[in-house]
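> A predicted structure for the sequence below; I have some questions about it.
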Amino acid sequence: MTDQNEHAEQAEQAGPADPGYLDGNAAAGFLSEIFAVDVTAARGRCAHCGDENVVAAARLYPHGTGMVLRCAVCGEVLARATEMEDSVCLDLSGLAWLQVRI
Amino acid sequence: MSTVWRVADVVDVRAETPSARTIRLRIPGLHGHLAGQHVDVRLTAPDGYQAVRSYSIASATGANGVAEDELELTVEELPDGEMSPYLVHGLMVGGQLEVRGPVGGWFVWRPTDTGPVQLIAGGSGVVPLMSMARAHAASGSAAPFRLLYSVRTPESGFYRDELEHLSRDAAAPLAVDYVYTRTAPAGAVTPPGRLTAEALSAAVVPAAESPTFYLCGATPFVETVSGWLVDAGHAPERIRTERYGGIGGAS
């Protein structure tokens, strides 16, 4: 993976402009700060449309103070992570469940 | 808050193409990594500004003399990039980087995986797939591997000589096919052009053999190709994808 904003050449090679999101794989480093096991390989169920897939396959929208994870099927929010000075707030209300391999 | 960032020492750098370079890092306390994982790299400016980007690991532990506490990244320079020009041109042997990882447990291949594998790369998306090809060879895996690699020109491809070498390794079978989008090599039968659904079907492991796909490139490439694969009868749950990406702000 390389910088998402840097890939004009590949976008040109493949077609339309980059849609501006990453996939859940890119959240692995951030999530490794919070969880002891890799969460990107965990399966979850979208509370909105019921699609079941791994976190790695969801769409990740990083922003200045955290990230938003959206369902790749319906586009609704699965999870939000917001960084604060000495903590991270996780909103997982968009996930009906999350199955983590231990 | 973070306690997981480590300081890595740059122990080797080498050019892959005029705009891409491989950087070997030694990370004290590292004990190997999985093929396909990535690390997050953090740079801090003198004024305290920090940038974080994710870079795929190109190496495989134990292959090409890469020690257990080492790994290699291949970084392509993109002119407007915040970090890649420094990594490709500024960083020197003896320098240091802050890294988080290796991380990622989904877009990975393990030597215990025995089924056929189809790797598909768009441009520098070949990097994590090269880690898999190297791990495959280093472990003497008999799992059939095939790589389809889309590049603009013959000169812009990474690892050409090593891929040719790996494709002759009978103990760890790897077939390599190139798609040239701008300029094809002299004497090529197929004129340059973007990958098509038909060319894709002809160059990948057939659906009847139930291959696992690892597909990496820019988002439009990944979405287009994964759609074609599903249309051609490949099961979506066997298509693992990774898009290019940084995670600015999530430091």
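Everything's here; your move. Residues are numbered from 1 along each chain as shown, chains lettered A, B, ... in the order given.
> Name the residue most distant from the centre of chain B?
Distance from the centre of chain B peaks at residue B:47, with 32.6 Å (C-alpha atoms, centre = their mean).
> so who does residue B:242 touch?
If you count contacts by C-beta atoms under 8 Å, 6 or more residues apart in numbering or on different chains, residue B:242 has them with A:1, A:23, A:25, A:56, B:36, B:56, B:107, B:125, B:128, B:214-216, B:222. Backbone N, C-alpha and C define where each C-beta goes, glycine included.
> try 7 Å
Residue B:242 sits next to A:1, A:23, A:25, B:107, B:128, B:216 when contact means C-beta atoms under 7 Å, 6 or more residues apart in numbering or on different chains.
> Tell me the confidence at the fourth one?
Predicted confidence (pLDDT) at residue B:107: the value is 96.
> Could you list the paired strands of the single longest strand found in chain A along with their orientation?
Taking DSSP state E as the criterion, chain A has its longest strand at strand A:77-83. Sheet pairing here is set by DSSP bridges, and for strand A:77-83 it gives strand A:66-70 (antiparallel), strand A:88-91 (antiparallel).
> Report the buried residues of the longest one.
Read that as strand A:66-70. For strand A:66-70, the neighbour count (16 or more other C-beta atoms under 10 Å in any protein chain shown) marks A:66, A:67, A:68, A:69, A:70 as buried.
> I'd like those residues laid out as CSV, including distance to residue B:226.
Listed next are these as CSV, based on distance: C-beta to C-beta, whole Å:
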residue, distance to residue B:226
A:66, 27
A:67, 22
A:68, 22
A:69, 19
A:70, 17
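> just for chain A, where's the confidence low?
Within chain A, the segments meeting pLDDT under 70 span A:1-19.
> how about 80 then?
A:1-20 (pLDDT under 80).
> Check the separation of the first and last residues in stretch B:71-89.
Taking C-alpha to C-alpha, to the nearest Å, stretch B:71-89 runs 19 Å from one end to the other.
> ignore the last one, stretch B:76-88
7 Å.
> Closest one of the buried residues of strand A:66-70 to chain B?
Comparing the buried residues of strand A:66-70 against chain B with C-beta to the nearest C-beta places residue A:67 closest, at 5.9 Å.
> what's near enough to touch the nearest residue to that closest one once chain neighbours are set aside?
Distances taken as C-beta to C-beta, 6 or more residues apart in numbering or on different chains place residue A:81 nearest to residue A:67, at 5.3 Å, with adjacent residues excluded. Contacts here follow C-beta under 7 Å, 6+ apart; on that basis residue A:81 touches A:30, A:66, A:67, A:88, A:90.
> how about 8 Å then?
Here residue A:81 is in contact with A:30, A:66, A:67, A:68, A:69, A:88, A:89, A:90, A:91 (criterion: C-beta under 8 Å, 6+ apart).
> how about the strands of chain A, start to end?
A:22-23, A:43-46, A:52-54, A:59-63, A:66-70, A:77-83, A:88-91, A:95-99.
> and the stretch 101-250 of chain B, which of its residues are near chain A?
B:101, B:103-107, B:122-125, B:128, B:150, B:152, B:181, B:194, B:216-221, B:224, B:240-250 (C-beta under 8 Å from any C-beta of the partner chain).
> and the lengthiest strand in chain B, C-alpha only, in PDB?
In chain B, taking DSSP E as the definition, the longest strand is strand B:6-17. Output of strand B:6-17 as PDB, limited to C-alpha atoms (Å, rounded to 0.1, in the frame of the first residue of the first chain):
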ATOM      1  CA  ARG B   6       9.200   1.300  17.300                       C
ATOM      2  CA  VAL B   7      12.300   2.800  15.900                       C
ATOM      3  CA  ALA B   8      13.600   1.000  12.800                       C
ATOM      4  CA  ASP B   9      17.100   1.300  11.500                       C
ATOM      5  CA  VAL B  10      17.600   1.600   7.700                       C
ATOM      6  CA  VAL B  11      20.300  -1.100   6.900                       C
ATOM      7  CA  ASP B  12      20.000  -1.100   3.100                       C
ATOM      8  CA  VAL B  13      18.500   0.800   0.200                       C
ATOM      9  CA  ARG B  14      18.400  -0.200  -3.500                       C
ATOM     10  CA  ALA B  15      16.600   1.100  -6.600                       C
ATOM     11  CA  GLU B  16      13.900  -1.000  -8.200                       C
ATOM     12  CA  THR B  17      13.100   1.500 -10.900                       C
END
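> close to chain A, is that strand?
No: judged by C-beta under 8 Å from any C-beta, strand B:6-17 stays clear of chain A, getting no closer than 11.8 Å.
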